[in-house]
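[1] got a sequence here, can you build the structure:
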Amino acid sequence: MGDHMKTKQHFTEQGVLGVFCLFLGPIVTAGGWYLALKNSGQTYGDLPPIVSAMVILGGGFISLASIPLMLVGREFTSSDG
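    Here you go, the predicted structure:
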């Protein structure tokens, strides 16, 4: 009745990359929205609208890629408590 199994989890390189992408994705997306709003009020903007759209989509892809990276990049170690 007193036997306990302790399980610990840590991230591998893929898991750390997933955590990094989890924070990087929204930052990239916000930068894309900044570009879109900055150039929307100008008749002839510095960048074509497709650039800001691609940055926004890239940030969304980075955010979505973080989930499988974090799930796959985990290792578990178990020990008797």
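
[2] around the nearest residue to T77 once chain neighbours are set aside, how many other residues sit close by?
    Leaving aside its sequence neighbours, T77 sits nearest to K8 (CB to CB, 6 or more residues apart in numbering; 5.2 Å). For every residue, glycine as well, the C-beta is placed using N, CA and C. Applying other CB atoms under 10 Å, we find 9 residues neighbouring K8.

[3] so what strands line up beside the helix or strand where K8 lies?
    K8 belongs to strand 5-11 when assigned by DSSP states H and E. Applying DSSP bridges to the sheet, strand 5-11 is found paired with strand 74-80 (antiparallel).

[4] report the rounded mean pLDDT for the strand holding K8.
    Averaging pLDDT along strand 5-11 gives 88.

[5] R74 is in contact with the residue nearest to T77, correct?
    No. K8 is not in contact with R74 according to CB atoms under 8 Å; the separation is 10.6 Å.
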